[in-house]
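1. Give the three-dimensional model of this entry:
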Amino acid sequence: MQRLSNATLPQLPSTIARPAYDRTTTRIGIVHLGAGAFHRAHQAVYVDDLLADEPDWAICGVSLNSRDVRDALQPQDGLYALALLDEQPKLRVIGSIREVLAAREQGAQVLERLADPNVRIVTLTVTEKGYCLAGDNLDLMHPDIASDLASPRTPISAVGYVVEGLRLRRERGVAAYTVLSCDNLADNGGKMRRAVLQFAERLDEELALWIAGHATFPRSMVDSITPATDDALRERLRAQLGCDDAWPVQRERYTQWVVEDAFCNGRPKFERVGVTMSDEIAGYDKAKLRLLNAPHSTLAYLGSLLGIDTVAQAMATPVLADFVERLMRGSIAPNVAAPRGFDAQAYIGAILERFRNPAIQHRLSQIAWDGSQKLPVRLLGTISDALAAGRSIDALCLPVAGWMHFVRRQSRDGVALVDPLNAVLSRIGRAANGDAGDVGVFLALDTVFGPLARNEAFVAPLRAAYLTLGDASPATVARALSNA
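-> Predicted coordinates for the structure are as follows:
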């Protein structure tokens, strides 16, 4: 069977959406570091939507460590299929990636592309590890950073490439580019800026000053569930496309991209294709943590106690779905300082619709991972704010108590917890008796509960919630939820 490519694009079934522009008229204006599935299902789709009117913003995708994406997409002229997962799935072909480079083999080409005056934006999805940080600062002992400082003209890290690209532009009299971080990381642009400047200072103080004065590093917030590509997806799309696609991607229909409007060298009209331009990225991050991630954790712990496997199944369980909606609208939303123009109730409605999507098999067991790290930012911050405002926290305490019962059940059953505190939590869980005394032992985890553990206004309702869940059997949990 033929591969998907420019030549086979006209042969696709008419039901499949395809680029609404002549790809030969587009020019590369964006270099993306980390051309993985999320970028191709998210940012590249927004760019695909705007190229018909703004052809100067096509993408060069760069894989920093692997050649796999290049080898899959190069024979396909950069084309790939995107499956939008919903009750009525949709399929479209994305054409915004005009070039794919493997940095380990084509480093010189990557640097030339970064130095190209037509390139005005560099975007990144390299995960938190790719920032090579130690706390909030650049980890100068990181092997990749140490290598790049020793050989800055042949970088291997994202930070090294960004700096060397900017050095070449300064040397050649080319304006700096905007560095737009798109990783799911709070203050992502700020972290990248600090890393870049600390790296540049080690090489050349004048270069660092030039970067600080000319380049910008906007923050952003991204959101869309993107399951991994597997052979089942390839087989299904082969039948629909009538040709082979070596690396299609899939995601839920919902997508969100919020970007700080701080570009130094021009930008596309992102807002025209659904991007929210805002200077309140921290507010959007907090809203996502509290209104999306906290209910996710609530479903994970209480749903697991009910014997439920996935988010969609949890939302098909009325007693749990009703509780989660009441929690979001009545207990969480009042404690979210919404950014300008942000409609919390509409956002909640969109989240609930996403949770119900039967095409996304998001397992509660996976969402339950790392609870000791997630609870403080997802739920305990909301509880602190609610207490300060004199609001009830009774409903908010139920998912926290649910986590405690989840730890107790997993430990009693001999199931290891996926959590940095696995050893400590397992010991606590095995010793727990299901009575009020358990709560005090959990609250002694200072890295989780901090000052809240000594606040009786929190301890008393948490203890009551823990006892309400009783033996944590499905019947008892269901009864507690219906009465909450």
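
2. List the contacts of Q410.
-> 416-417, 426, 429 (Cβ atoms under 8 Å, 6 or more residues apart in numbering). Backbone N, C-alpha and C define where each C-beta goes, glycine included.

3. Can I get those in TSV including neighbour count, pLDDT and secondary structure?
-> What follows is these, written out as TSV (neighbours: other Cβ atoms under 10 Å; pLDDT from 0 to 100; DSSP: H, G, I helix; E, B strand; the rest coil):
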residue	neighbour count	pLDDT	secondary structure
A416	11	93	coil
L417	21	96	coil
S426	19	97	helix
G429	23	97	helix
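
4. Closest one to F458 out of these, please.
-> Nearest to F458 among those, counting by Cβ to Cβ, is G429 at 21.2 Å.

5. distance of that closest one from M404?
-> 8 Å (Cβ to Cβ, to the nearest Å).

6. do the same with D261
-> D261 is 43 Å from M404, by Cβ to Cβ.

7. show me the contacts for G341.
-> Contacts for G341 (Cβ under 8 Å, 6+ apart) come out as 276, 278.

8. swap in the one 4 residues further on?
-> Contacts of Q345 were listed using Cβ under 8 Å, 6+ apart, and they are 329, 333.

9. Repeat that for F263.
-> F263 touches 120-121, 178, 216, 218, counting by Cβ under 8 Å, 6+ apart.

10. wait, which of the residues you listed is closest to P451?
-> Distances from P451 to those, taken by Cβ to Cβ, are shortest for P218, at 34.1 Å.

11. that older thread, turn the contacts of F263 into JSON lines, including pLDDT and secondary structure.
-> Formatted as JSON lines, those follow (pLDDT from 0 to 100; DSSP: H, G, I helix; E, B strand; the rest coil):
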{"residue": "R120", "pLDDT": "98", "secondary structure": "coil"}
{"residue": "I121", "pLDDT": "98", "secondary structure": "strand"}
{"residue": "T178", "pLDDT": "98", "secondary structure": "strand"}
{"residue": "T216", "pLDDT": "98", "secondary structure": "strand"}
{"residue": "P218", "pLDDT": "98", "secondary structure": "coil"}
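
12. what are the ranges of the helices in the stretch 51-200 of the chain?
-> 68-73, 103-115, 143-150, 158-172, 188-203 (DSSP state H, counting those that start in this stretch).

13. related to what we said a few turns ago, of D261 and M404, who's got more company?
-> Between D261 and M404, counting by other Cβ atoms under 10 Å, M404 is the more crowded of the two (26 against 13).

14. Which residue, neighbours along the chain excluded, lies closest to the more buried one?
-> Sequence neighbours aside, F442 is the residue nearest to M404 in space, at 5.2 Å (criterion: Cβ to Cβ, 6 or more residues apart in numbering).

15. Surely that neighbour is in contact with I428?
-> Yes. Between F442 and I428 a contact is recorded at 6.3 Å, counting by Cβ atoms under 8 Å.

16. Tell me the residues that contact both of these two, please.
-> V407.

17. So between these two, which is more surrounded?
-> F442 (23 against 19).

18. residues touching the more buried one, list them.
-> Counting by Cβ under 8 Å, 6+ apart, F442 has contacts 404, 407, 428, 448-449.

19. Pick out the most distant pair among the residues you listed.
-> V407 and F449, at 13.6 Å, using Cβ to Cβ across the contacts of F442.

20. Settle it for me: which of the two has more neighbours?
-> Neighbours were counted for V407 and for F449 using other Cβ under 10 Å; V407 has more, 26 against 22.

21. element containing E353, please.
-> helix 344-356 (DSSP states H and E).

22. How about that helix, which residues are buried there?
-> Neighbour-count burial for helix 344-356 flags 344, 347-348, 351-352, 354-355 (criterion: 16 or more other Cβ atoms under 10 Å).

23. Same check on stretch 352-369?
-> In stretch 352-369, counting by 16+ other Cβ under 10 Å, buried: 352, 354-355, 357, 359-360, 362, 364, 367-368.

24. swap in stretch 370-381?
-> 371-372, 374-381.

25. residues in contact with it?
-> Everything outside stretch 370-381 that qualifies as a contact, by Cβ under 8 Å, 6+ apart, is 289-290, 293-294, 296-298, 301, 396, 399-400, 403, 406-407, 417-421, 425, 445, 447-450, 452.

26. Please indicate which of the residues you listed are buried?
-> Buried among the contacts of stretch 370-381 by 16+ other Cβ under 10 Å: 289-290, 294, 296-298, 301, 396, 399-400, 403, 406-407, 417, 419, 421, 425, 445, 448-449, 452.

27. quick one: stretch 300-309 to chain centroid distance?
-> For stretch 300-309, the gap between its own C-alpha mean and the chain's C-alpha mean amounts to 23 Å (Cα atoms, centre = their mean, to the nearest Å).

28. go on, stretch 383-391?
-> Taking mean C-alpha positions (Cα atoms, centre = their mean), stretch 383-391 and its chain are 28 Å apart.

29. For that stretch, which outside residues touch it?
-> 331, 334-335, 392-393, 396-397, 400, 452, 455, 457-458.

30. What subset of those is buried?
-> Here, 16+ other Cβ under 10 Å leaves 331, 335, 393, 396-397, 400, 452, 455, 458 buried among these.

31. Going by residue numbers, what spans are strands in the stretch 201-350 of the chain?
-> Assigned by DSSP state E, counting those that start in this stretch, the strands in the stretch 201-350 of the chain fall at 220-223, 249-252, 256-259, 276-277.

32. And the shortest one, what does it pack against?
-> The helices and strands touching strand 276-277, judged by 3 or more Cβ pairs under 8 Å, 6 or more residues apart in numbering; DSSP states H and E, are strand 256-259.

33. in its sheet, what does the strand it packs on sit against?
-> strand 220-223 (antiparallel), strand 276-277 (parallel) (DSSP bridges).

34. Please save the CA atoms from that strand in CSV.
-> Taking C-alpha atoms only, strand 256-259 is exported to CSV below (Å, rounded to 0.1, in the frame of the first residue of the first chain):
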residue,chain,number,x,y,z
GLN,A,256,-6.8,24.5,24.8
TRP,A,257,-3.7,26.8,24.3
VAL,A,258,-3.3,29.9,26.4
VAL,A,259,-0.3,32.1,25.4
